[in-house]
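Undergrad: Take this sequence and fold it.
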Amino acid sequence: PLLADFIQWVITDKRPFHVFDLVKQLRSYWAKHPGVVKVLTHGAASKVSDKEKRSVAELVKNSAIGPREGAQLFRLALWMEAQNIVELGTNAGISTLYLHFANRRAIMHTIEANPVVAGMARKTFEIARCGIGLHQHLGTFVEVLPRLLPTLTEIDLLFIDGDHRYQATLDYFRQCA
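TA: Next up, the predicted model:
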């Protein structure tokens, strides 16, 4: 029954939700943004580009979660009724919106190391009018997690989408577990 429920409400559910339109609008907003971002590599190098600087539009297009995957992430958080969410790798805040809007009363912490990209995420959260339960942290996972984890009683949903190196991902998971 649990697997059938998961398939029905997370995998095959096609209901539209407001956040899907909101994210589409924000993707369009960032696609038209004229800025450039200096890439800081704190983990695995990008598989899309080895340029030191990338346009804001290119960063969001290639590094933000896709609409289909984002919808599934939203449905997963909704189905789990997640109250305490941690995201490692904010980027421009697109995946953060999917997680946050599944339950705006949930406590959510998101971590981003690049200050310019974190600023983009702040703008995304401002435009989307995110709730007070969303907490953004600036710094590497290695810097922020040791300060953050002792303040949390539990983590219902952990989304690791930053440092994509195998061992590092396992280490972050173990820390959070």
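Undergrad: Can you classify K61 by secondary structure?
TA: helix (DSSP: H, G, I helix; E, B strand; the rest coil).
Undergrad: check contacts around the residue nearest to it when sequence neighbours are not counted.
TA: In space, and not counting its chain neighbours, K61 is closest to A31: 6.9 Å by Cβ to Cβ, 6 or more residues apart in numbering. For glycine as for every other residue, the C-beta is placed from the backbone atoms N, C-alpha and C. Neighbouring residues of A31 by Cβ atoms under 8 Å, 6 or more residues apart in numbering: A57, V60, K61.
Undergrad: of all those residues, which comes closest to D163?
TA: Set against D163, the nearest of these by Cβ to Cβ is V60 (19.3 Å).
Undergrad: which residues does I107 bridge with?
TA: N84 (DSSP bridges).
Undergrad: and it, how many neighbours does it have?
TA: I107: 19 surrounding residues under other Cβ atoms under 10 Å.
Undergrad: mind checking how far it is from L152?
TA: Distance of I107 to L152, given as Cβ to Cβ, to the nearest Å: 8 Å.
Undergrad: joint contacts of these two?
TA: Counting by Cβ under 8 Å, 6+ apart, the residues touching both I107 and L152 are N84.
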